[in-house]
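In: predicted model and sequence follow; I will ask about them next.
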Number of protein chains: 2
Amino acid sequence: MARSSTRPTSRDVAQAAGVSQAAVSLVLGDKWRGRVAEATAERVRQAARDLGYRPNLAARNLRLGRTRTVLLVVPALTTEFFAGVYTGAARVAADHGFGVVLYPSPEGVGPARDPFASAQAALDGVIASSMAADALTAIRGDQLPLVMLDSDPEGSLGAATVNLDIADGVRQVAAHLLDLGHRRFLHLAADVPSWTFEVRARELAARLAAVPGTSIRTVRAPISIEDALTAAAAALAAPGPRPTALVCDDDKLAAGAYKAARRLGLRIPDDVSVTGLDDLALATALDPELTTVRLDAELFGERGMRALLAVLDGRTPEGGDIPVELVVRGSTAPPGAS
Amino acid sequence: MARSSTRPTSRDVAQAAGVSQAAVSLVLGDKWRGRVAEATAERVRQAARDLGYRPNLAARNLRLGRTRTVLLVVPALTTEFFAGVYTGAARVAADHGFGVVLYPSPEGVGPARDPFASAQAALDGVIASSMAADALTAIRGDQLPLVMLDSDPEGSLGAATVNLDIADGVRQVAAHLLDLGHRRFLHLAADVPSWTFEVRARELAARLAAVPGTSIRTVRAPISIEDALTAAAAALAAPGPRPTALVCDDDKLAAGAYKAARRLGLRIPDDVSVTGLDDLALATALDPELTTVRLDAELFGERGMRALLAVLDGRTPEGGDIPVELVVRGSTAPPGAS
DNA sequence: GAGGCGGGGTTATACGTAAAACTTGGAGGC
DNA sequence: GCCTCCAAGTTTTACGTATAACCCCGCCTC
C-alpha cells in the first residue's frame, strides 16, 4: 500500500492492479483497444476506483503540452451581462472538455496588472472583451490564440472577433422612437472607451441625421446608477426645450435616468421616453418596464468559445454578427402623450 | 537561437545568458542571493526579457506539488451577489499569488457533473456555496481542503465555514417592521434547499412568536422575478385580511412582489410594506427604493478566501460571522398609512 | 520446422522546472 | 605551504503522465 498521506498516482494504481504504469495510462486514457485484455482493463479500472485515483493534471498538462484551459478577460463580473457571457462560454467549453478561467480587469482585482500571472492556470488561449482594454497590451505580447469580443473588426490585428449586432439594435431603437414621433433626443452615453460604445454613438447620429428636424445632445456617465442619475438630471434640467426621448447606452444607465426623471417630477413615458440596452433583470423590475434591446449574453459567450475552439483547431471561426432584438415595453410612447 | 516556433524554456534563457538552467531558476525565483553574482543575475534577467520567457506553469506545478489555484463553487454566476463573491475572493487570491477558478453548478454549465473535470485546473483547495448542494457530494469525496460558505456550522463535517450573519439581518428586519406597527406578515421565501434560507424562516418565525397578536403566512417561489410575481400575487389576493408586511428572502423576490402589488393596484408602502435581502443594484432602481439588508458579497468572498488560505497554511481560520446591515428606504412605513 | 504476425503487455523517455548535492577556483589564516 | 572556507556556479534528480519503442509467446502459414 502506497503512502496514504499523499494522493495516489498512476503508479500506485498499477501496483494495486499488478500491471505497469503504462498499462494504467492506456486503460484510463481509453487507448487500450487491442493493446490490453478486457479482463486486465477491468482490473485497472477497479483499482483506480478503489484508490480514488485522480490523474495529476499538472503532470498531464506538462506531458501533453496543452491544458484545455482558456482565459476569459472581462471588464467586471459584477454585471449580469458578463456573468452571462461566462456562463455561455463555460458551457461550450465543458462540452469540449475545456475549462474557463476568468480575469476580471484590474479595477476589480487589485494591483496585479498581469492577467497571466493572476490566472495561475496554464492556458491554451484567450477570449477578451474589448472593454477590458488595459489588459490587452499584456495579452498581445503573448502568442496565445486570441478571440476578441465586441471589438473593431479592423483594429484587432488579425485576432478573430465575435460581435453582437449592436448597430442594428441602435437602428431599431432609433426607428422605433422616430416612428413614435420623437425629434428631440438625449443620448446618455457610457463613459467607457470601447468600440461597442463608439458604434452606438455613431449609428444613432447617422440614423437621426437622415431625418430632417431632429436634434441630439449627448452626455456621458460611467456605467453606474448613481452616476447616470446625476448626469441625466443635469441634462434634463438644462435650459432650452427638453428632449422627449432619452436613449441610454445600457440598462443601468436607464435605471439612473428613471431616478433622475422621478426626482425632476417627470413622468415616463408621458413626459419623456426612455430606452436601454442589454435587457437585464433590471429592465422588467423598473416601473414602467423598460423598452430595451435584448442581448443574448450566453449566446455571446458560446459563440466566443466556439470561435476560440475553431482557432485552436486551425479552422476558420464562424462569421456573422449575433442578432439582437428590440423589446418594446412601457417606457416609450409618442411625445406629449400627457 | 532556440526553435522559435515553440515557447522559450528556462533552458533557452540559460543558453542565451551563457549559464546553466539551474542558475536561471535561482535568479528568476529570487533565491540567488549569495549564490549568483549580481552581474550574472542581470544577464539572466535580460535574456529572459529578450526572449519573452514565461515559466511553464504546468511544469512548475508538477515540480512544486501545488498550484496556487482554488476552485469556487457557486450556484450560478448570473447573479450580482455571486459575481461579487468571486470578485472578493479573486482579489485576496491575487494578493497571495493565487488564482480562482469557477464552477457554477450544473444547471448553468451543461451535463458535466464533475466539478473537478470541468474546471481543468489542478487545484489546491475548494470554496463552496451551500446553495450548490448537488456538487458537494463529489467534492467531499476528494480530500482537498474545503471552506463552505453560508452552511450549517454543525452539518459541514469538519469543513471550515464562513457565514453571513443572516439571522441578525432577519432580526433587524423583524424589529423594524414590528416597531412600525405591523402584525400581519407574509413571508415570500426562496424555494431553494439551503441552510441560509432555513435560517431566514426560522429566525423570522421566532421573532414574531415573541410578540403576541402577530400572524405569518409563508409562500415559496424560485428565485426569479417572474416566479415571485405569480406567487406573491396569489398570496396577496387570497381571502381573509391582507398582510401589511411582505418579507422577501431576497431582492429579486422583492422585485417580483413589487410587480404583484402594482398589478393588484396596491401601493407600496401605503397598502403594503416590502423588505428584501441582498441590497443589489436592483434595490435602488425600484420605486420606491427597497428597504433591505445589505450583504457585503465581496467581503464574503474575501473572508472565504482568507479562510481557505489559513487552512492551507495549517492555521485556524478567523471565526465570527460577517455583520450585515439593515438599510431603511421607502418601501416600509406604518400599516394603513394611506 | 522456420518464419511471420498479432495480441498483450513492459521498458524507457521526455515534458520544464526547482532544488539538493556536488564542484571549482581563489582568498585568507596560521 | 597547506588547510579551510566561501562565492559562484554546475550537475543531477524528481515530480506524474503519455506514448514510442521494444519484447515475448503462442499460433498460423508455407
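Out: That came through, no problem.

In: so who does the residue in the stretch 201-338 of chain A that DNA strand C sits nearest to touch?
Out: Of all residues in the stretch 201-338 of chain A, A:Leu312 sits closest to DNA strand C, at 18.1 Å by C-beta to the nearest atom of the strand. Quick note: C-beta positions are derived from backbone N, CA and C, even for glycine. Contact partners of A:Leu312, counting by C-beta atoms under 8 Å, 6 or more residues apart in numbering or on different chains, are A:124-125, A:145.

In: quick check: residues of the stretch 1-150 of chain A near DNA strand D?
Out: A:6-7, A:9-11, A:21-22, A:25-26, A:28-29, A:31, A:53, A:55-56, A:59-60, A:62-64 (C-beta under 7 Å from any atom of the strand).

In: what subset of these is buried?
Out: Neighbour-count burial (16 or more other C-beta atoms under 10 Å in any protein chain shown) applied to those gives A:7, A:9-10, A:25-26, A:28, A:53, A:55-56, A:59-60, A:62.

In: looking at the residues of the stretch 1-150 of chain A next to DNA strand D, which are in helices?
Out: Of these, the ones assigned to helices by DSSP state H are A:10-11, A:21-22, A:25-26, A:28, A:59-60, A:62-64.

In: what segments of chain A are strands?
Out: Secondary structure of chain A (DSSP state E): strands located at A:69-74, A:99-104, A:125-129, A:146-149, A:160-162, A:184-190, A:215-221, A:245-248, A:273-275, A:292-294, A:325-327.

In: what mean pLDDT does the third one get?
Out: Per-residue pLDDT over strand A:125-129 has a mean of 92.

In: thought A:Tyr258 was touching A:Ile268?
Out: Yes. Between A:Tyr258 and A:Ile268 there is a contact under C-beta atoms under 8 Å: 6.5 Å.

In: measure the closest residue to A:Gly18 other than its chain neighbours to A:Arg35 for me?
Out: Counting by C-beta to C-beta, 6 or more residues apart in numbering or on different chains, A:Gly18 lies nearest to A:Arg43, which is 7.3 Å off, once chain neighbours are set aside. When distance is defined by C-beta to C-beta, to the nearest Å, A:Arg43 is 15 Å away from A:Arg35.

In: between these two, point out the one with more neighbours.
Out: It is A:Arg43, of A:Arg43 and A:Arg35, that has more neighbours when counted by other C-beta atoms under 10 Å in any protein chain shown, with 18 against 12.

In: show me the contacts for the more buried one.
Out: Here A:Arg43 is in contact with A:17-19 (criterion: C-beta under 8 Å, 6+ apart).

In: repeat that for A:Thr291.
Out: With C-beta under 8 Å, 6+ apart, A:Thr291 has these contacts: A:176, A:273-276, A:326-332.

In: so how far is A:Leu164 from the nearest residue to A:Leu266 once chain neighbours are set aside?
Out: With sequence-adjacent residues excluded and distances taken as C-beta to C-beta, 6+ apart, A:Leu266 is closest to A:Val272, at 5.4 Å. Distance of A:Val272 to A:Leu164, computed by C-beta to C-beta: 27 Å.

In: who has more neighbours, these two?
Out: The neighbour count for A:Val272 versus A:Leu164, taken as other C-beta under 10 Å, is higher for A:Val272 (26 against 23).

In: per-residue confidence at A:Asp271?
Out: Among the per-residue scores, A:Asp271 holds a pLDDT of 96.

In: can you get me a residue count around it?
Out: By other C-beta under 10 Å, the residues close to A:Asp271 number 18.

In: next, it: phi, psi?
Out: Here the main-chain torsion angles of A:Asp271 (degrees, to the nearest 10) amount to phi -90, psi -30.

In: if I look at it, how far off is A:Gly213?
Out: For A:Asp271, the distance to A:Gly213 (C-beta to C-beta) stands at 20 Å.

In: again with A:Gly181
Out: For A:Gly181, the distance to A:Gly213 equals 11 Å [C-beta to C-beta].

In: quick one: which of those two has more around it?
Out: A:Gly181 (13 against 7).

In: so who does the nearest residue to that one once chain neighbours are set aside touch?
Out: Spatial nearest neighbour of A:Gly181, excluding adjacent residues (C-beta to C-beta, 6+ apart): A:Pro334 at 4.9 Å. By C-beta under 8 Å, 6+ apart, A:Pro334 lies in contact with A:180-182.

In: try 10 Å this time
Out: Contacts were defined as C-beta atoms under 10 Å, 6 or more residues apart in numbering or on different chains; by that measure A:Pro334 touches A:177, A:179-182, A:244, A:269-270, A:273.

In: ok, A:Leu180 next?
Out: Contacts of A:Leu180 by C-beta under 10 Å, 6+ apart are A:244-245, A:269, A:273, A:328, A:332-335, A:337.

In: let's see the pLDDT reported for it.
Out: Looking at A:Leu180, the pLDDT reads 97.

In: distance check, it against A:Arg35.
Out: With distances taken as C-beta to C-beta, A:Leu180 is found 72 Å from A:Arg35.

In: before we move on, back to that, mind checking which of the contacts of A:Thr291 are buried?
Out: A:176, A:273-276, A:326-327, A:329, A:331-332.

In: thinking again about what came up before, which one of the strands of chain A lies nearest to A:Ile139?
Out: Comparison of the strands of chain A against A:Ile139 by C-beta to C-beta identifies strand A:125-129 as nearest, at 5.8 Å.

In: what helices or strands is the closest one leaning on?
Out: strand A:69-74, helix A:80-95, strand A:99-104, helix A:115-118, helix A:133-141, strand A:146-149, helix A:297-312 (3 or more C-beta pairs under 10 Å, 6 or more residues apart in numbering or on different chains; DSSP states H and E).
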